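> fold the following and give me the result.
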Amino acid sequence: MKQVKEIVALIKDAGTFTTFGYKTDEFEIEISVGAPNVSPPVSYVSSPVAISAPANVAAPAPNTALTLSSTERVIVSPMIGTFYRRPSPSSPPFVEVGDSVTPTTDLCIVEVMKLLNTIPAECAGKVTRILVEDGETIEVGQPLMVIELA
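Presented below is the predicted three-dimensional model:
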């Protein structure tokens, strides 16, 4: 019963979400509901641009600036957490380089305090780059993937 109360409290604190997951040594639960999770808007880039990390995030190593063409869009993390490419360890990745996506295609999961937040593409196109390793800790605003717009 204690675990059920913890789950209810986590759901109340989560706000709007499409997928909620909770895992312990004894059990695992995943709930999918409601409208898609709304991420901060990611603007289109009209010319090549170098993207650097936000001020509160460690700067990338020299020569690792992200350069985008006018037809590419970068997907950034809306939150700090752990990046996962798969819905579960035994599942295939949500997307691979070369996969076509729609605005509702889930690209990855960001886990924050045992809450699993799916990140949708929010645009149509083809995944051209995956910039983060599975299981890596990520920061708010960190580039995750690049999509060539359709």
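> quick one: the strands in the chain, in order.
19-23, 28-32, 50-51, 66-67, 72-76, 81-84, 100-101, 106-112, 115-120, 125-130, 137-138, 143-149 (DSSP state E).
> can you add mean pLDDT and give those back as JSON lines?
Output for the strands of the chain, formatted as JSON lines (pLDDT from 0 to 100):
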{"stretch": "strand 19-23", "mean pLDDT": "69"}
{"stretch": "strand 28-32", "mean pLDDT": "69"}
{"stretch": "strand 50-51", "mean pLDDT": "44"}
{"stretch": "strand 66-67", "mean pLDDT": "83"}
{"stretch": "strand 72-76", "mean pLDDT": "94"}
{"stretch": "strand 81-84", "mean pLDDT": "94"}
{"stretch": "strand 100-101", "mean pLDDT": "96"}
{"stretch": "strand 106-112", "mean pLDDT": "94"}
{"stretch": "strand 115-120", "mean pLDDT": "92"}
{"stretch": "strand 125-130", "mean pLDDT": "96"}
{"stretch": "strand 137-138", "mean pLDDT": "95"}
{"stretch": "strand 143-149", "mean pLDDT": "95"}
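> can I get those in TSV including mean neighbour count and distance to K2?
Using the backbone N, CA and C atoms, a C-beta is placed for each residue, glycine as well. TSV is the format used below for the strands of the chain (neighbours: other C-beta atoms under 10 Å; distance: least, C-beta to C-beta, whole Å):
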stretch	mean neighbour count	distance to K2
strand 19-23	17	13
strand 28-32	12	14
strand 50-51	12	44
strand 66-67	13	45
strand 72-76	20	37
strand 81-84	19	25
strand 100-101	18	40
strand 106-112	20	21
strand 115-120	21	18
strand 125-130	18	38
strand 137-138	16	29
strand 143-149	20	35
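> can you check which of the ones you listed gets nearest to F94?
strand 106-112 (5.1 Å; C-beta to C-beta).
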